[in-house]
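# For reference, the sequence and a predicted model appear below.
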Amino acid sequence: MFDSLSERLQDIIAKTSGQKELTQENMQDALREIRRALLEADVNLRVVKAFISNIKDRAEGENVLRGVNPSQQLVKIVHDELVELLGKEAKHLDFSGHPNLIMMLGLQGSGKTTSSAKLAIKLKKEGRNPLLVACDVYRPAAITQLETLGKETETEVYSEDSKDVQSIIKNAINYARENGFNTLILDTAGRLQIDTDMMAELLLIDRVFQPAEKLLVVDSMTGQEAVNVAENFDEQLNITGLVLTKLDGDSRGGAALSIAYCTHKPVKLTGTGEKLNALEDFYPERMATRILGMGDIVSLVERAQEVFDEKTAKEMEKKMAKAEFSFNDFLKMQSQMKMFGSIDQLLGMIPGLKISKDDRQMLSHEGEKQLKRIEAFIQSMTPEEREHPELMNSSRKKRIAAGCGMPLHELNVFINQFEQMRKMMKGFSDVKKTLGGNPNKAKLTAHQMMKNMRRFR
Ligand SMILES: Nc1nc2c(ncn2[C@@H]2O[C@H](COP(=O)(O)OP(=O)(O)OP(=O)(O)O)[C@@H](O)[C@H]2O)c(=O)[nH]1
Ligand SMILES: [Mg+2]
């Protein structure tokens, strides 16, 4: 459903990817386009305004991160704001009450009856024992429809040949208690528009039975009107959550994205098809990643945020530039790299870096093997030696070799190569810098990096 919005956002971000830094000017362009994309996708105007203003504030306030480029950082900001917009954390159904009551409400045709049956299947899978209750006593075929769905889903349906909804629910509760059902799904009647009769009935059910869940079922295809309807229902009934149906449809979907923000109520479930297993829990995080389609970049930036603490990185860069890089610095850097994941994973996450899988694995394998040997070597040194590579002499080398069980000549090779290693580290910092810019250049530098690695074998 969000395909076109998704494409638009990805295009906008791709446009910023050649830039070295996000200046106020090019940020403004990006924001203007994001705004337009959201409006075209039918996102509510209020939501768009808040969204853009939040992105702007964050982009201006955020430090430049090492290891990622500004466009990747923008992806992360847009992603986080989308998560925020969609309700931040997943909220699941409330199963309190004996029995537990879940009331489905909404306009005609929004998908209440279908979603009730889908929910029954889902709850059974989760080990609950649901009973469907036919509360739509107005539409002639409503009860038959629910009964058919009950057969298909092998769920018992409670219905009565009566127009008194209150008494039906009361009897259904007794029936459930006697027959071991722990959740009642109340399939209520829909109207073309919100009217006073409908509201009065729902309010009465709410007051008398106090269902744990009052789920407003909203058809995602209905556009901005859905936002108004949801706000209206919520004002009068204080709903507990939303079910967004027909997310499999081909409309723009922006309205559906706006409802959680406008009502401050969580989307708890989504309907994604006509089949009866097409009902899913809603996860703001997953939905945001789906819309933006850039999960890898988001996790790259998150890890960079965790790993690269600004100060250490600056210190190291200075040392590298002056070739004062010590064995300790090497260990520190290596532990940061490890937090990033394997070299293979790291290379795989860098967008635009096109090296073949074989090359990547070779690079990663060689790199990791080499790093392990150097690590063992350094760990056998005294603290002083680690800080001052120039202290190395033949008796120290003998001791260290014995300590880590490596032949002396290998240690000699290592020490001779330590200078080269500093160069390689410097090379790696250049790769990081280059990756902030042109991906084609990055490709070239990755080749240089491989050459460096080969020299170490
Ligand atoms: N594609 C798709 N169709 C859906 C979905 N949910 C419901 N529908 C369809 O929407 C139509 C209306 O669904 P119902 O469940 O009868 O809606 P309702 O809210 O109970 O309608 P009333 O009882 O008349 O108020 C049916 O044809 C369903 O198959 C969904 O997630 N995806
Ligand atoms: Mg119905």
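Thanks, I have it. Numbering: from 1, shown residues only. Ligands and ions are numbered 1, 2, ... in the order given.

# Which elements pack onto the helix or strand containing residue 287?
Under the criterion of DSSP states H and E, residue 287 resides in helix 284-292. Helix 284-292 is packed against helix 3-16, helix 70-85, helix 295-307, with contacts defined by 3 or more Cβ pairs under 8 Å, 6 or more residues apart in numbering; DSSP states H and E. Bear in mind the C-beta positions are built from the backbone N, C-alpha and C, glycine included.

# By mean pLDDT, show me the worst of the ones you listed.
Sorting those by mean pLDDT places helix 295-307 lowest, at a mean of 62.

# Put the alpha carbons of the helix holding residue 287 into PDB.
C-alpha atoms of helix 284-292 as PDB (Å, rounded to 0.1, in the frame of the first residue of the first chain):
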ATOM      1  CA  PRO A 284       5.700   0.800  14.300                       C
ATOM      2  CA  GLU A 285       9.400   0.000  13.900                       C
ATOM      3  CA  ARG A 286       8.800  -2.600  11.300                       C
ATOM      4  CA  MET A 287       6.300  -0.500   9.400                       C
ATOM      5  CA  ALA A 288       8.700   2.400   9.300                       C
ATOM      6  CA  THR A 289      11.400   0.200   8.000                       C
ATOM      7  CA  ARG A 290       9.100  -1.200   5.400                       C
ATOM      8  CA  ILE A 291       8.000   2.300   4.200                       C
ATOM      9  CA  LEU A 292      11.500   3.600   4.100                       C
END
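
# how much distance is there from it to the middle of the chain?
5 Å (Cα atoms, centre = their mean, to the nearest Å).

# ok, and the closest non-adjacent residue to the residue nearest the centre of the chain?
Centroid check for the chain by Cα atoms, centre = their mean gives residue 285 as the closest residue, at 3.2 Å. If the residues on either side of it in the chain are set aside, residue 285 comes closest to residue 83, at 5.4 Å by Cβ to Cβ, 6 or more residues apart in numbering.

# Tell me who's in contact with that neighbour.
By Cβ atoms under 8 Å, 6 or more residues apart in numbering, residue 83 lies in contact with 284-285, 288.

# Could you dump the residues you listed into JSON lines and include distance to ligand 2 and pLDDT?
Listed next are these as JSON lines, based on distance: Cβ to the ion, whole Å; pLDDT from 0 to 100:
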{"residue": "284", "distance to ligand 2": "28", "pLDDT": "90"}
{"residue": "285", "distance to ligand 2": "31", "pLDDT": "86"}
{"residue": "288", "distance to ligand 2": "31", "pLDDT": "85"}
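
# now, which of those residues sits nearest residue 71?
residue 288 (17.4 Å; Cβ to Cβ).

# For that closest one, grab the count of nearby residues.
Neighbourhood size, residue 288 [other Cβ atoms under 10 Å]: 22.

# With residue 378 instead?
For residue 378, using other Cβ under 10 Å, the count is 21.

# surely it meets residue 386?
Yes - counting by Cβ atoms under 8 Å, residue 386 is a contact partner of residue 378 at 6.1 Å.

# Common neighbours of those two, please.
327-328, 331.

# out of those, who has the most neighbours?
Going by other Cβ under 10 Å, residue 327 tops the shared contacts of residue 378 and residue 386 with 21 neighbours.

# How much space separates it from ligand 1?
As judged by Cβ to the nearest ligand atom, to the nearest Å, residue 327 and ligand 1 stand 60 Å apart.

# residue contacts, that residue?
378, 381, 385-387, 389, 418.

# From ligand 1, how far off is residue 35?
In terms of Cβ to the nearest ligand atom, residue 35 sits 29 Å off from ligand 1.

# same deal with residue 92?
19 Å.

# May I have the phi/psi pair for that residue?
When read as degrees, to the nearest 10, the backbone of residue 92 gives phi -100, psi 170.

# That one touches residue 281, doesn't it?
Yes - counting by Cβ under 8 Å, residue 281 is a contact partner of residue 92 at 6.6 Å.

# Turn the shared contacts of residue 378 and residue 386 into TSV, including distance to ligand 2.
Shown next, in TSV, are the shared contacts of residue 378 and residue 386 (distance: Cβ to the ion, whole Å):
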residue	distance to ligand 2
327	72
328	69
331	65
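
# Just checking, which of those comes out lowest on pLDDT?
residue 331 (71).

# Helix, strand or coil: sort out residue 147 for me.
helix (DSSP: H, G, I helix; E, B strand; the rest coil).

# how far away is it from residue 113?
Taking Cβ to Cβ, to the nearest Å as the measure, residue 147 falls 11 Å from residue 113.

# can you pull the contacts of residue 179?
residue 131.

# burial measure for residue 332, as a count.
Neighbour tally, residue 332, other Cβ under 10 Å: 14.

# for the closest residue to ligand 2 within the chain, phi and psi?
Closest to ligand 2 within the chain is residue 113: 3.2 Å, counting by Cβ to the ion. For residue 113, the backbone dihedrals (degrees, to the nearest 10) come out as phi -70, psi -50.

# From residue 30, how far off is it?
Per Cβ to Cβ, residue 113 is found 44 Å from residue 30.

# which residues in the stretch 201-350 of the chain form strands?
Counting by DSSP state E, counting those that start in this stretch, the stretch 201-350 of the chain has strands at residues 213-219, 241-245, 267-271, 279-281.

# Need the ones you listed in a markdown table (columns: mean neighbour count and mean pLDDT).
Conversion of those to a markdown table gives the following (neighbours: other Cβ atoms under 10 Å; pLDDT from 0 to 100):
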| stretch | mean neighbour count | mean pLDDT |
| --- | --- | --- |
| strand 213-219 | 25 | 96 |
| strand 241-245 | 27 | 95 |
| strand 267-271 | 24 | 94 |
| strand 279-281 | 17 | 91 |
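
# interface residues of the stretch 51-200 of the chain facing ligand 2?
112-113 (Cβ under 5 Å from the ion).

# which stretches of the stretch 51-200 of the chain have low pLDDT?
61-69 (pLDDT under 70).

# Let me know the secondary structure of the residue in it positioned nearest to ligand 1.
Nearest residue of the stretch 51-200 of the chain to ligand 1, counting by Cβ to the nearest ligand atom: residue 190, 2.4 Å away. Using three-state DSSP as the criterion, the local structure at residue 190 reads coil.

# if we can go back for a sec, out of the strands of the stretch 201-350 of the chain, which comes closest to residue 8?
Short answer: strand 241-245, nearest of the strands of the stretch 201-350 of the chain by Cβ to Cβ, at 20.8 Å.

# Whether the closest one contacts ligand 2 - can you check?
No - using Cβ under 5 Å from the ion, strand 241-245 never reaches ligand 2; the gap is at least 11.6 Å.

# ok now that strand, how far from the chain's centre?
Chain-centre distance of strand 241-245: 19 Å, with Cα atoms, centre = their mean.

# for stretch 268-282, same thing?
Put simply, stretch 268-282 sits 19 Å off its chain's centre (Cα atoms, centre = their mean).

# Quote the end-to-end distance of that stretch.
The first residue of stretch 268-282 is 5 Å away from its last residue (Cα to Cα, to the nearest Å).

# Need the residues that contact it.
For stretch 268-282, contacts defined as Cβ under 8 Å, 6+ apart pick out 86-87, 90-93, 111, 114-115, 117-119, 121-122, 149, 152-153, 213, 215, 241-248, 266-267.
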